[in-house]
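J.: Next come a sequence and a model predicted from it.
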Amino acid sequence: MKIEHAYTIVTSPGRNFVTLKIVTDEGTYGIGDATLNGREMAVVAYLDEHVIPALIGRDPQRIEDIWHYLYRGAYWRRGPVTMSAIAAVDMALWDIKAKLAGMPLYQLLGGKSRERVMVYGHATGRDIESCLEEVARHVDEGYKAVRVQAGVPGIASIYGVAKKDGEPYEPADADLPAEHVWSTSKYLNHVPKLFAAVRERFGDDLHVLHDVHHRLTPIEAARLGKAVEPYNLFWLEDCVPAENQEGFGLIRQHTTTPLAVGEVFNSLFDAKALIENQWIDYIRATLTHAGGITHVRRLADLAGLYHVRTGFHGPTDLSPVCMGAAIHFDTWVPNFGIQEYMPHTATTDEVFPHDYRFEDGHFIVGENPGHGVDIDEELAKQYPYKRASLPVNRLEDGTLWHW
Ligand SMILES: O=C(O)C(=O)C[C@H](O)[C@H](O)CO
Ligand SMILES: [Mg+2]
């Protein structure tokens, strides 16, 4: 069997998505997600110019060999663009292999470790009161776990909070990066009040999470972790930028609040010290940005040795293709923790028909052969690419900060 042709599909049913389709000479095809928010066309160029020409004629069943061919064989390793491109190939090849086997992907990975996959949704509000209403809506919809982000008095726009209450949050909201202003002291004073209000209204059973989105230094993160200990968070996410992995060691010395990190990681090596030193509790690197199923499986196995569980990134800027493949992975992986879920728009769901479903705060994996997600290419053509950028952040004195 040979790869006969492969091509990228860029579509924007409300936001941009990049999909790779690989077709074999026997007619079986697989698709993979290659979406890198705000840098979509860089991955398209990498795939079109460097990857696809080298795939034609190869045996699609040799997933491992093709992975190493694209990773080691490229000489220039790692980085989000390269690893998203490799991930798309890998996801499409696993899709093909599972279709050839006539099995849902989770069966090929080793079968079910659980019947369903717990997800967390996003509650956001301009202030604490409106945020609590959103938490209540999620609880009514069956969620067992909710990420809670609220506006901070004195900060005009903040990560995770929609411009208008009730509207979905989409950070890549401008042609060129919007400029936000950040104040660590205002934020640190506010967050414990938010979680006190959440616990008071919803009691102890609901799992609550929070994303700091890389804005603190290690000692500030340690202070926040301690301050929210009474509210028993499921996790505190991305509390510092993780290039300095030792920073997590410092945070860990001060707080028992569980720590999650890794949505921007693209390699096992980004997480190695964090895992081996048991500085984190959840690893968030997901299939599209971290080299696909083949690589993330190794990362999850390493994490499992150190009691670190998975908590895959699942924003709207990963397509339903990634979500579908991730749900198969989550259903299999022994050290599963939780899966993030930001629902896609109805138009996106039409462009990407899929067989996974949400029920009572969990995802239920589909039973179709492959990863269970397809793309309607004719419909996709109706939504042309539109450049969209993530914001940048500045401190109140104008210093460029982490967004
Ligand atoms: O979902 C999350 O936890 C995020 O932090 C979302 C990111 O801001 C988003 O994926 C950036 O593209
Ligand atoms: Mg995040």
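T.: Structure's in. What do you need? Ligands and ions are numbered 1, 2, ... in the order given.
J.: Close to ligand 2: what parts of the protein are there?
T.: Residues of the chain lying close to ligand 2 by CB under 5 Å from the ion are 211, 263. For the C-beta atoms, the positions are set from N, CA and C on the backbone; glycine is no exception.
J.: Centroid-nearest residue for the chain?
T.: Centrality entry for the chain: nearest residue to the mean C-alpha point is residue 313, 2.1 Å, by CA atoms, centre = their mean.
J.: and that residue, how far is that from residue 31?
T.: Note on residue 313: its distance to residue 31, by CB to CB, to the nearest Å, is 19 Å.
J.: Equivalent analysis for residue 124, please.
T.: Applying CB to CB to residue 124 and residue 31 gives a distance of 31 Å.
J.: Look at these two and report which has more neighbours.
T.: A direct count of neighbours by other CB atoms under 10 Å for residue 124 and residue 31 places residue 31 higher, at 26 against 23.
J.: Wasn't that one part of a strand?
T.: Yes. Under DSSP: H, G, I helix; E, B strand; the rest coil, residue 31 falls within a strand.
J.: Mind pulling up the pLDDT for it?
T.: Residue 31 is assigned a pLDDT of 99 by the prediction.
J.: got the contact list for it?
T.: Residue 31 makes contact with 19-22, 91-92, 95, 321, 373-375 under the criterion CB atoms under 8 Å, 6 or more residues apart in numbering.
J.: For those residues, give me JSON lines that also has pLDDT and neighbour count.
T.: Listed next are these as JSON lines, based on pLDDT from 0 to 100; neighbours: other CB atoms under 10 Å:
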{"residue": "19", "pLDDT": "99", "neighbour count": "28"}
{"residue": "20", "pLDDT": "99", "neighbour count": "29"}
{"residue": "21", "pLDDT": "99", "neighbour count": "19"}
{"residue": "22", "pLDDT": "99", "neighbour count": "26"}
{"residue": "91", "pLDDT": "98", "neighbour count": "31"}
{"residue": "92", "pLDDT": "99", "neighbour count": "31"}
{"residue": "95", "pLDDT": "99", "neighbour count": "30"}
{"residue": "321", "pLDDT": "99", "neighbour count": "31"}
{"residue": "373", "pLDDT": "99", "neighbour count": "27"}
{"residue": "374", "pLDDT": "98", "neighbour count": "21"}
{"residue": "375", "pLDDT": "99", "neighbour count": "22"}
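J.: Could you single out the nearest of the residues you listed to ligand 1?
T.: Taking CB to the nearest ligand atom as the measure, ligand 1 lies nearest residue 321 of the contacts of residue 31, at 15.4 Å.
J.: Surely the closest one is in contact with residue 34?
T.: No. Using CB atoms under 8 Å as the test, residue 321 is too far from residue 34 to be in contact (9.0 Å).
J.: shared neighbours of those two, anything?
T.: residue 19.
J.: related to what we said a few turns ago, dihedrals phi and psi, the residue nearest to the centre of the chain?
T.: Main-chain dihedrals, residue 313, degrees, to the nearest 10: phi -60, psi 140.
J.: Which residues are in contact with it?
T.: Residue 313 neighbours (CB under 8 Å, 6+ apart): 262-263, 284-286, 289, 340.
J.: how does it look with 6 Å?
T.: 263, 284, 286, 340 (CB atoms under 6 Å, 6 or more residues apart in numbering).
J.: what's the nearest residue to the first one if we skip its chain neighbours?
T.: Translated: residue 263. residue 313 (3.9 Å; CB to CB, 6 or more residues apart in numbering).
J.: Quick check: pLDDT value at that neighbour.
T.: For residue 313, pLDDT reads 98.
J.: ok, now residue 368?
T.: So residue 368 comes in at 98 (pLDDT).
J.: so it is in which element?
T.: Counting by DSSP states H and E, no helix or strand carries residue 368.
J.: My guess is it contacts residue 356. True?
T.: No. At 9.9 Å, residue 368 does not count as touching residue 356 under the criterion of CB atoms under 6 Å.
J.: When those two are compared, which one has more neighbours?
T.: Set side by side, residue 368 and residue 356 show more neighbours around residue 356, with 21 against 18, by other CB under 10 Å.
J.: quick revisit: quick one: which of the contacts of residue 313 has the most company?
T.: For the contacts of residue 313, the largest neighbour count, defined by other CB under 10 Å, is 28 neighbours, found at residue 286.
J.: and it, how far is that from residue 333?
T.: 12 Å.
J.: same check, this time on residue 58
T.: Distance, residue 58 to residue 333, by CB to CB: 28 Å.
J.: same check, this time on residue 379
T.: In terms of CB to CB, residue 379 sits 32 Å off from residue 333.
J.: what do you get for residue 122?
T.: On the measure of CB to CB, residue 122 and residue 333 end up 23 Å apart.
J.: Then residue 373?
T.: From residue 373 to residue 333 the distance is 18 Å (CB to CB).
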